[in-house]
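*Asks:* Quick one, structure for this:
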Amino acid sequence: MIKMARLFRMFAALLAVEAVAAMPAIKVRNGVPNAALFARRNVTGNQYFFCLGDSKSTPWVEFARIVAKDLNVRTIPHVYPEPAGARFARYSCVNGQAIYGERVCSGYLAVLDYSATGARGDAKREAAYLENLVRAIYSYRATHSVVILHTTPSPYVAEAEKVADHYGIPTLDLTDAKDAAERSARLTAFAAALFKDAVVPAKPVPRKLPPPLHPGAELRPQIVSYEHPEVQFDDGWLGWQRPNVQQVRHVIDAKRKGAKVTLTFTGGEVGVFDEATPQSSAFAAMVDGGAPRVVAPPAGGKASLRHTPLFEGLDPASEHVLTLEVRDDAPLRLVGFSLSGSVKVPKEMRSPLERMRLKLEAMPPMAYEPPSGRFEYIPKTMRRLREGGNLTIVMLGDSIVNDTASSRFEELLMKRYPKCRIRKVVSVRGSTGCDWYAQENRVREWALKYRPDLMMIGGISHRPDPSKMRDVVRQIRAEKPDTEFLLLTPVFGSEANEWNRTWTPQIDHTTPNPRAIIERIAAEEECAFFDMAGPLGVFIRDSKMARGAFMRDAVHANERGFAVLGELLNRWFAPEN
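*Replies:* From the prediction side, this is the model:
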């Protein structure tokens, strides 16, 4: 019986292969085995497609829906249309950037369609941009997968197929589909070949990149923030200002005509990103002291993120210096530079805590004073800090809790309380809150096995709200009654999150919001409580700096943000006297 079932599966797979072979629009090549594996796992973080292309009309969402239906899993397509095509999109796929860095490559499958842009431009050049984008995606994470769709007929399609052949990328040609029904049929067959009928590995297999097909395709596309050490400004600029466009976290403003900035780099091409309006200043761009190229402000429209390619065809192995000079007594708001190549990263001699303290000293002074009586429910913790001994702090939550731990606040506490030795355990799971930790006795694995003296519980991922904190507290106490607790309110996160949209310096007790819920749980369960969201928001507001200046992406803090979180905790734990 088992042999018959196996033969039946083999026969069905053979029929599926023959069916695909009979459909010349579909080329499976090496398939997407890693994507098929992640899709079948169907867990948080393994459900995302990131769809890049030049048109909103590409059937990305239909393709994701078909995959979800065939496998009975959840797929979440993140669609990022970019009219400038792969030339611009390739800069989107490098982690930790000032622009777009948090918006793409977060899933496991890239669905690409740049056939419309390819039809408008030089086919070979657009295919070279496509290859550079493909290499950027695989370099971001070697277990990512890529598929390519063609929806607009042009010579570019044949050039893109050469790229797909070189990297073993599956492609689907929809350029000659007669109607929506035929398009759906091809999408269904394509999805089945890649996911339903695929041979799935036991674990993800990292991809090794072959030599490049086009000259320069191996150069790393990236966006260099204006904060990079290789970007040098004269005294005519003011940094960390609030942007007027959503894609940018912060900008630097030119304060006068003649202000200059330079970037030293190695690479083949360079461009600039600015927040442009018709009222912006023109600027001159020069490379290696050559003839200036003047870039005028846009003729109309409102504030937008503008990308201007400046110089191409440079010697990719040589070091170059780009200089920008402000031409008018008008605003110029720079974001960063696009680059295919590299910039020097100076060797860091200071410790992370030293770097953070320097960043804190460069900001306006913090005015936060913690409330009295805050140590009522953590007397053993405070006694250990004051009198000495070993203290184990377990931090439970999500990536936000991990960022809080990255502040190295325990090093500050050990300087404040030199008799105490703190063991900090960071027990976190991305996008995970107490609703998950409270199930299936998970507190034993994620908290109790570390024998905590103090549990610090926080984060932004409690669904639908933080009420399950109560269950986690009770479960831990049931097995280790002497454990003390400090509950933290949400910090950072997306500006769309409720606690950011409705933020007030003090907790709003008129509505059921996360800060108020956590405060009530802390009081009822006799836990210490720190409303970090309040003083953090006050500090950012009073600093006159953009919120994005404290963040490395749309959700998480950067080292400047870590510094503020660490100092808040340092002050909260300070002696009341």
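*Asks:* where along the stretch 251-400 of the chain do the helices fall?
*Replies:* Along the stretch 251-400 of the chain, counting by DSSP state H, counting those that start in this stretch, helices occupy 352-361, 379-387, 399-406.
*Asks:* could you check the angle helix 352-361 makes with the last one?
*Replies:* Yep, that's helix 399-406 we're talking about. Counting by axes from the mean of the first three to the mean of the last three C-alpha atoms, to 10 degrees, helix 399-406 lies at 100 degrees to helix 352-361.
*Asks:* And the contacts of helix 399-406?
*Replies:* 352, 395, 424, 426, 428, 430-431, 456-461, 488, 490-493, 532, 555-557, 561-562, 565, 569 (C-beta atoms under 8 Å, 6 or more residues apart in numbering). Placement of C-beta: from N, CA and C, glycine included.
*Asks:* And the average pLDDT for that helix is what?
*Replies:* Helix 399-406 shows a mean pLDDT of 97.
*Asks:* okay, the helix or strand following that helix in CSV with CA atoms only?
*Replies:* Using DSSP states H and E, the helix or strand that follows helix 399-406 in sequence is helix 409-416. Presented in CSV, the C-alpha positions along helix 409-416 are these (Å, rounded to 0.1, in the frame of the first residue of the first chain):
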residue,chain,number,x,y,z
PHE,A,409,22.0,49.7,31.2
GLU,A,410,23.4,47.0,33.5
GLU,A,411,26.9,48.4,33.0
LEU,A,412,25.6,51.8,34.1
LEU,A,413,24.0,50.2,37.2
MET,A,414,27.2,48.4,38.1
LYS,A,415,29.0,51.7,38.0
ARG,A,416,26.3,53.2,40.2
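*Asks:* Any buried residues in helix 409-416, and which?
*Replies:* Counting neighbours by 16 or more other C-beta atoms under 10 Å, one finds that the buried residues in helix 409-416 are 409-413.
*Asks:* what do you get for stretch 302-320?
*Replies:* Those buried within stretch 302-320 under the rule 16+ other C-beta under 10 Å are 303, 305-307, 310-311, 314, 316, 320.
*Asks:* repeat for stretch 509-522
*Replies:* 513-522.
*Asks:* what does stretch 161-173 give?
*Replies:* 161, 163-164, 166-167, 169-173.
*Asks:* Now, the residues you listed that are in helices?
*Replies:* 161, 163-164, 166-167 (DSSP state H).
*Asks:* Out of these, which comes closest to T143?
*Replies:* Y167 (14.6 Å; C-beta to C-beta).
*Asks:* thought the closest one was touching L133?
*Replies:* No. With contact defined as C-beta atoms under 8 Å, Y167 does not count as touching L133 (11.2 Å).
*Asks:* about what we covered before: in JSON lines, list the buried residues of stretch 509-522 along with secondary structure.
*Replies:* Converted to JSON lines, the buried residues of stretch 509-522 look like this (DSSP: H, G, I helix; E, B strand; the rest coil):
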{"residue": "N513", "secondary structure": "coil"}
{"residue": "P514", "secondary structure": "helix"}
{"residue": "R515", "secondary structure": "helix"}
{"residue": "A516", "secondary structure": "helix"}
{"residue": "I517", "secondary structure": "helix"}
{"residue": "I518", "secondary structure": "helix"}
{"residue": "E519", "secondary structure": "helix"}
{"residue": "R520", "secondary structure": "helix"}
{"residue": "I521", "secondary structure": "helix"}
{"residue": "A522", "secondary structure": "helix"}
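*Asks:* circling back: ok, so of the buried residues of stretch 161-173, who is nearest G31?
*Replies:* Closest to G31, out of all of those and judged by C-beta to C-beta, is P170, at 6.1 Å.
*Asks:* Deepest-packed of the helices of the stretch 251-400 of the chain, please.
*Replies:* helix 399-406 (a mean of 22; mean count of other C-beta atoms under 10 Å).
*Asks:* For it, C-alpha coordinates in CSV please.
*Replies:* Taking Å, rounded to 0.1, in the frame of the first residue of the first chain, the C-alpha atoms of helix 399-406 are listed here in CSV:
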residue,chain,number,x,y,z
SER,A,399,13.0,42.9,19.4
ILE,A,400,12.1,46.1,21.3
VAL,A,401,13.2,44.4,24.6
ASN,A,402,16.3,43.3,22.8
ASP,A,403,17.0,46.9,21.9
THR,A,404,16.4,48.0,25.5
ALA,A,405,19.0,45.4,26.5
SER,A,406,21.4,46.8,23.9
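*Asks:* gap between that helix and the chain center?
*Replies:* Remark: helix 399-406 is offset 15 Å from the chain centroid, using C-alpha atoms, centre = their mean, to the nearest Å.
*Asks:* before we move on, the earlier item: show only the entries of the contacts of helix 399-406 found in helices.
*Replies:* Going by DSSP H, the helices hold 352, 561-562, 565, 569 from the contacts of helix 399-406.
*Asks:* Which one of those residues is nearest to V345?
*Replies:* Using C-beta to C-beta, these come closest to V345 at P352, 15.6 Å.
*Asks:* Against L52, how distant is R183?
*Replies:* 20 Å (C-beta to C-beta, to the nearest Å).
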